[in-house]
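Q: Kindly generate the corresponding structure for this input.
(chains A and B)
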2 protein chains.
Amino acid sequence: MAKLIECIPNFSEGKDEKIINGLVEVAKSVPGVTLLDYSSDTSHNRSVFTLVGDVDGIQEVAFQLVKFASENIDMTKHQGEHPRMGATDVVPFVPVKDIDVAETVEISKKVAERIANELNIPIFLYEDSASTPARKNLAKVRKGQFEGMPEKLLQEEWAPDYGERKIHPTAGVTAVGVRMPLVAFNVNLDTDNIEIANKIARIVRGSSGGYKYCKGIGVMLEDRNVAQVSMNMVNFEKTPLYRVMETIRFEAARYGVNIIGSEVIGLTPAKALIDCAEYYLQVEEFDYDKQVLENHLLN
Amino acid sequence: MAKLIECIPNFSEGKDEKIINGLVEVAKSVPGVTLLDYSSDTSHNRSVFTLVGDVDGIQEVAFQLVKFASENIDMTKHQGEHPRMGATDVVPFVPVKDIDVAETVEISKKVAERIANELNIPIFLYEDSASTPARKNLAKVRKGQFEGMPEKLLQEEWAPDYGERKIHPTAGVTAVGVRMPLVAFNVNLDTDNIEIANKIARIVRGSSGGYKYCKGIGVMLEDRNVAQVSMNMVNFEKTPLYRVMETIRFEAARYGVNIIGSEVIGLTPAKALIDCAEYYLQVEEFDYDKQVLENHLLN
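A: Okay, the predicted model is just below:
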């Protein structure tokens, strides 16, 4: 059984094709690694890569990508809507197959240490790799952004986990950590009232009292005149998609509003959807690992 | 992209451990092939093996298993509840990955020809490999069973597709063909009235006017005192599981009966369940091949 790890590094460059193509070249150059997807957003000025690989390959490709970004992206000139603190802003690792969170955390720490030692980029460990509860949340780690990092690193509680207390002059600071696979799940309502989507988002998301592993906001789909509850499901095993779907359904009903559809954006683990099929079909005693044909074909 | 084919041969031996273990040994001996599962039923006196392999491996293992069965199972002495006509009763092939039905049919014919030529077992091609519409249905091909085959082979319309018009003296006749993956799906009702399950089975199954790719009967779960609609979904893309589920729900309602659960038995392709999640979650524009992470990991 071969261990497989996903890595989804975020780079602070979404416009310059030469740099993006250079990252793609690096991503494809490491044996044992497959580049599944990459996308760039010009208004965010940011690119997200999705890679999967074996234990050695994923460490090497993560390091080489951070190295290339540090040599080619200059944060002193970076502008974009998305919060960011480094040329490589964040390097999340996700255990995919035959490997647990603890072992993946060890791998994330090895990569973090190598980046700090060889590239002189200070590293914050976040999420499951975090050294303190205060560092679990990426938004808190990144607060102050690139411009505020020189000062933040000197604050007593914000010494980096690896590297020195000063930013890399052009590559800034990078966050490295292990998280569960994230599913981007949006539910569309038959209303053009964004306030209803906002109210429901507050009900289902963990931060305001809803489901712990759901993040959400109300969004207006301007082209369709449809209000949407836009969510990140950050642990689909503990907060499954069907549960927020049914909660949105009964909360929307009080306004006479119905669900008209949903969106699953980008890659999703099969289990996030099969768990929902099990619920709706009321399947008794289904064994995901044993009964799904494809699970026997991965090796 | 590596082509993968599943093979699910059925053997007319479900009691003799020496013979079953011998089949297991053969199943494990061919490179490029994985034995996913096997199970034996003593009242049926029958064993079902589930293998998956590449194009060369699956052909070789199918032939070697039929050879071993022909040398070790004597149909003149076989008794069991399940209809059967050969030591290897049926050899279904299922396209699993990066291969279509047409190419799998060609592979099934090569295996069929080799069995006839080298082992002197006459072969009927069935389902998607069938040479005439009358031979598509395995039950019709097998009608008369082992004991009736000598006479059947001499009938004008029942010349075998490969081999001579006389049975192998101890191994009988074998059916070889390509079919879609089958999902065994049972729906449990909150009634002990088997007649309601029977009525609903007749409504949903294709043979009596229901969904073309659903086969079904009513069954009593004696230990739970629960009536069940027991089904084989023979093409889950054309007749999806959720559609029979919802049909059973509204048909049961006329008797004041509810669904209390369902069972998915044995192996199922992920897509059969993910299609249901898409329906119930009302997902717009989901691309199964591209958006399911695991599909990028199979190679």
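Q: For the closest residue to residue A:285 other than its chain neighbours, which residues are in contact?
A: Leaving aside its chain neighbours, residue A:285 sits nearest to residue B:263 (7.6 Å; criterion: CB to CB, 6 or more residues apart in numbering or on different chains). No exception for glycine: its C-beta is placed from N, CA and C like everyone else's. Residue B:263 makes contact with A:283, A:284, A:285, B:184, B:185, B:186, B:188, according to CB atoms under 8 Å, 6 or more residues apart in numbering or on different chains.
Q: Drop anything exposed from the residues you listed.
A: The neighbour-count test (16 or more other CB atoms under 10 Å in any protein chain shown) marks A:283, B:185, B:186, B:188 as buried among the contacts of residue B:263.
Q: Cross the residues you listed against strands and list the overlap.
A: Using DSSP state E, the members of these that fall within strands are B:185, B:186, B:188.
Q: Please list which of the residues you listed are also close to chain A.
A: Applying CB under 8 Å from any CB of the partner chain to these, one finds that residue B:188 fall near chain A.
Q: could the ones in strands among the buried ones among the contacts of residue B:263 be laid out in JSON lines, adding pLDDT?
A: JSON lines is the format used below for those (pLDDT from 0 to 100):
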{"residue": "B:185", "pLDDT": "96"}
{"residue": "B:186", "pLDDT": "95"}
{"residue": "B:188", "pLDDT": "97"}
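Q: tell me the pLDDT at residue A:81?
A: Confidence at residue A:81, expressed as pLDDT, is 81.
Q: tell me the SS of it?
A: coil (DSSP: H, G, I helix; E, B strand; the rest coil).
Q: isn't it right up against residue A:44?
A: Yes. Contact criterion CB atoms under 8 Å: residue A:81 and residue A:44 qualify, at 5.4 Å.
Q: tell me the contacts of the residue of the stretch 101-250 of chain A found nearest chain B?
A: Proximity of the stretch 101-250 of chain A to chain B (CB to the nearest CB) peaks at residue A:245, 5.7 Å away. By CB under 8 Å, 6+ apart, the contact set of residue A:245 is A:187, A:259, A:262, A:276, B:280, B:281.
Q: now the helices for chain A?
A: Applying DSSP state H to chain A gives helices spanning A:17-27, A:55-72, A:101-119, A:138-142, A:145-152, A:194-204, A:241-253, A:270-280, A:288-291.
Q: just those helices: most buried one?
A: helix A:270-280 (a mean of 23; mean count of other CB atoms under 10 Å in any protein chain shown).
Q: residues making contact with stretch A:12-20?
A: Identification of contacts with stretch A:12-20 by CB under 8 Å, 6+ apart yields A:23, A:38, A:40-47, A:69, A:72-73, A:75, A:78, A:80, A:84, A:86-89.
Q: If we use 10 Å, what do you get?
A: The contact list for stretch A:12-20, computed with CB atoms under 10 Å, 6 or more residues apart in numbering or on different chains, reads A:11, A:22-23, A:38-49, A:68-69, A:71-75, A:78-80, A:82, A:84-89, A:146, A:171-172.
Q: And those, which of them are buried?
A: A:11, A:22-23, A:38, A:40, A:44-49, A:68-69, A:72-73, A:75, A:78, A:80, A:84-89, A:146, A:171-172.
Q: So which of these are in strands?
A: Among these, the ones falling in strands (DSSP E) are A:11, A:38, A:40, A:46, A:47, A:48, A:49, A:88, A:89.
Q: Output those in CSV; the columns should cover pLDDT and distance to residue A:160.
A: As requested, those are exported to CSV (pLDDT from 0 to 100; distance: CB to CB, whole Å):
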residue, pLDDT, distance to residue A:160
A:11, 98, 20
A:38, 92, 27
A:40, 90, 28
A:46, 93, 22
A:47, 95, 24
A:48, 93, 23
A:49, 96, 23
A:88, 98, 14
A:89, 97, 15
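Q: Dump these into JSON lines; add distance to residue B:58 as well.
A: Converted to JSON lines, these look like this (distance: CB to CB, whole Å):
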{"residue": "A:11", "distance to residue B:58": "43"}
{"residue": "A:38", "distance to residue B:58": "35"}
{"residue": "A:40", "distance to residue B:58": "42"}
{"residue": "A:46", "distance to residue B:58": "46"}
{"residue": "A:47", "distance to residue B:58": "42"}
{"residue": "A:48", "distance to residue B:58": "39"}
{"residue": "A:49", "distance to residue B:58": "36"}
{"residue": "A:88", "distance to residue B:58": "45"}
{"residue": "A:89", "distance to residue B:58": "47"}
